[in-house]
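# What follows is a predicted structure for the sequence shown.
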Amino acid sequence: MSSKKLFNVVFVLGGPGAGKGTQCEKIQETFGYQHLSAGELLRQERLAPGSQYGEEIDKHIKDGSIVPVSITCSLLLREMRNSSKNNFLVDGFPRNQDNLEGWNKETEGVARVQRVLFFNCPDDICVERCLSRGLTSGRTDDNAESLKKRIQTYRDSTMPIVDHFRKLNLVSEIQGDRSPNEVFEDVKKVFASLK
C-alpha cells in the first residue's frame, strides 16, 4: 500500500466580520496555502446549476443555520483533491460539534489539522464590518437580522470548538480588532512556527 501524503489544514475561526477572509488572502499570498472558505463553497454550490445540494444550502443560509456537515466536508474534500497544493486554510469551519465529528470521520487518514487560527474580535466591530461589507458584497446574510443570529450561533456552537482545540494546544488566538497589517504581523509568527 502506498503511503499517501496527508493534506495539511489550518482551520480559521472567528465571528462574522472578524477578518478571516482578509487574513486568509494575505496568508495565501505569503505562505502559499490555498484558501478554502466553507461559506464561499456553499454559496457557490447553492448557485451551481443542477446542484444536488443547492436548495438545502439556500434554506440554511437564509435561516442563519448550519448546513449539514456531510455536504460541507464533501465540498472541502473535492476542492483539496482537485488542487495541486497540499496546504489548505479552511475558513469558517468547523462551526459546531457536529461539524467537528463529521470532519474527523470524513478526513481520517486524508488530512491533519496543523493549527487553528482564532480571530477574536468584539461583536460591535464584527457587526459594523459586516454591515459595511454588505453594502457591496451582495451577500444576503450581511444584514442586521441575520448577523444577530450568526453571532449567537457562533457563540453557542463555534466557541466550544475553539475550546476543544485549545485543550489540544492547537489554537493561536489573535486579536482581530486592529488593522489588517497589524493582525498579519501576528499571523506571520504563527506560520513561521508551523511544521
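Received the coordinates, thanks. Keep in mind that what you see is a predicted model, and the values were worked out from it rather than measured. Residues are numbered from 1 along each chain as shown.
# Give me the longest strand you can find in the protein.
Secondary structure of the chain read by DSSP state E shows that its longest strand is strand 111-120.
# now for that one, which elements pack on it?
strand 7-14, helix 20-31, helix 159-167, strand 171-175, helix 180-192 (3 or more C-beta pairs under 8 Å, 6 or more residues apart in numbering; DSSP states H and E). C-betas here are computed from N, CA, C, even on glycine.
# Report the contact partners of residue 60.
Going by C-beta atoms under 8 Å, 6 or more residues apart in numbering, residue 60 touches 66, 67.
# Please shift the residue numbers so they start at 24 in all later answers.
Fine by me, first position is 24 from now on; the one you just mentioned is residue 83.
# I'd like the helices and strands packed on strand 134-143 written out as a markdown table, with mean neighbour count and mean pLDDT added.
A markdown table is the format used below for the helices and strands packed on strand 134-143 (neighbours: other C-beta atoms under 10 Å; pLDDT from 0 to 100):
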| stretch | mean neighbour count | mean pLDDT |
| --- | --- | --- |
| strand 30-37 | 23 | 95 |
| helix 43-54 | 18 | 94 |
| helix 182-190 | 15 | 95 |
| strand 194-198 | 18 | 96 |
| helix 203-215 | 15 | 95 |
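# and the gap between residue 29 and residue 132?
Distance, residue 29 to residue 132, by C-beta to C-beta, to the nearest Å: 8 Å.
# who has more neighbours, those two?
residue 29 (13 against 7; other C-beta atoms under 10 Å).
# So which elements touch whichever helix in the chain runs longest?
Looking across the chain with DSSP state H, the single longest helix is helix 146-160. Helices and strands touching helix 146-160, as assessed by 3+ C-beta pairs under 8 Å, 6+ apart, comprise helix 167-176.
# Show me what the helix it packs on is packed against.
Helices and strands touching helix 167-176, by 3+ C-beta pairs under 8 Å, 6+ apart, are helix 146-160.
# tilt between the helix it packs on and strand 134-143?
110 degrees (axes from the mean of the first three to the mean of the last three C-alpha atoms, to 10 degrees).
# Touching helix 146-160 from outside, list them.
Residues contacting helix 146-160 (C-beta under 8 Å, 6+ apart): 38-42, 162, 165-167, 170, 174, 199-200.
# Arrange the helices and strands packed on strand 134-143 in TSV, one row each, with distance to residue 107 as further columns.
TSV is the format used below for the helices and strands packed on strand 134-143 (distance: least, C-beta to C-beta, whole Å):
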stretch	distance to residue 107
strand 30-37	12
helix 43-54	14
helix 182-190	28
strand 194-198	27
helix 203-215	20
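# out of those, which comes closest to residue 110?
Comparison of the helices and strands packed on strand 134-143 against residue 110 by C-beta to C-beta identifies strand 30-37 as nearest, at 4.6 Å.
# neighbouring strands for the closest one, and are they parallel or not?
Strand 30-37 sits in its sheet next to strand 110-114 (parallel), strand 134-143 (parallel), going by DSSP bridges.
# Now do it: distance to the chain's middle.
Distance of strand 30-37 from the chain centroid (C-alpha atoms, centre = their mean, to the nearest Å) equals 7 Å.
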